[in-house]
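Chemist: attaching a predicted model along with its sequence, questions to come.
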Amino acid sequence: MTRKGKLEEIFSRALYADDPSLYFVSYRDFDSIVEVPLQEFVSLSENFSVIPPSRIAKVRRGDETLYEKKSGL
């Protein structure tokens with residue numbers, strides 16, 4: 001599964017089949033990693049057009065990491 005496909009699956013499940021407030025997205029912003037709630041990320045990214053999937057470092061639900069970018073990518 002491609003990165004965007006896996007992320008889209010996680011986002012879709014979070015937004016439509018679960019409580020989105022439980023999810024957090026960490027993304028690369030210049031030289032730092034920023035973590036925001038999923039709903040804020042969806043607004044900021046404008047459906048991945050402003051923040052592409054390649055800048056997403058991690059997605060977690062509570063303490064569980066659902067997606068983490070591998071260092072080699």
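Modeler: Cool, the structure landed.
Chemist: quick one: name whatever helix or strand follows whichever strand or helix holds residue 12.
Modeler: For residue 12, the host element (DSSP states H and E) is helix 3-17. Following helix 3-17 in sequence order, the next helix or strand is strand 23-29 (DSSP H and E).
Chemist: that next one pairs with which strands?
Modeler: Looking at strand 23-29 with DSSP bridges, its partner strands are strand 32-37 (antiparallel), strand 56-61 (antiparallel).
Chemist: got the angle for it vs helix 3-17?
Modeler: 150 degrees (axes from the mean of the first three to the mean of the last three Cα atoms, to 10 degrees).
Chemist: and residue 47, how many neighbours?
Modeler: 9 (other Cβ atoms under 10 Å). For the C-beta atoms, the positions are set from N, CA and C on the backbone; glycine is no exception.
Chemist: before we move on, back to that, could you export the strands paired with strand 23-29 as JSON lines, including mean neighbour count, distance to residue 70 and mean pLDDT?
Modeler: Converted to JSON lines, those look like this (neighbours: other Cβ atoms under 10 Å; distance: least, Cβ to Cβ, whole Å; pLDDT from 0 to 100):
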{"stretch": "strand 32-37", "mean neighbour count": "13", "distance to residue 70": "15", "mean pLDDT": "96"}
{"stretch": "strand 56-61", "mean neighbour count": "18", "distance to residue 70": "10", "mean pLDDT": "97"}
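Chemist: looking at those, which is closest to residue 67?
Modeler: The closest of the strands paired with strand 23-29 to residue 67 is strand 56-61. By Cβ to Cβ, the value is 4.2 Å.
Chemist: what comes into contact with that closest one?
Modeler: With contact meaning Cβ atoms under 8 Å, 6 or more residues apart in numbering, strand 56-61 is reached by 3, 7, 10-11, 14, 18, 22-28, 33, 35, 38, 65-69.
Chemist: buried subset of those, written for ChimeraX?
Modeler: Selection of buried members from these for ChimeraX, criterion 16 or more other Cβ atoms under 10 Å:
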select :7,10,11,14,23,24,25,26,27,38,66,67,69
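Chemist: could you dump the strands paired with strand 23-29 to CSV with distance to residue 47?
Modeler: Below are the strands paired with strand 23-29 laid out as CSV (distance: least, Cβ to Cβ, whole Å):
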stretch, distance to residue 47
strand 32-37, 16
strand 56-61, 13
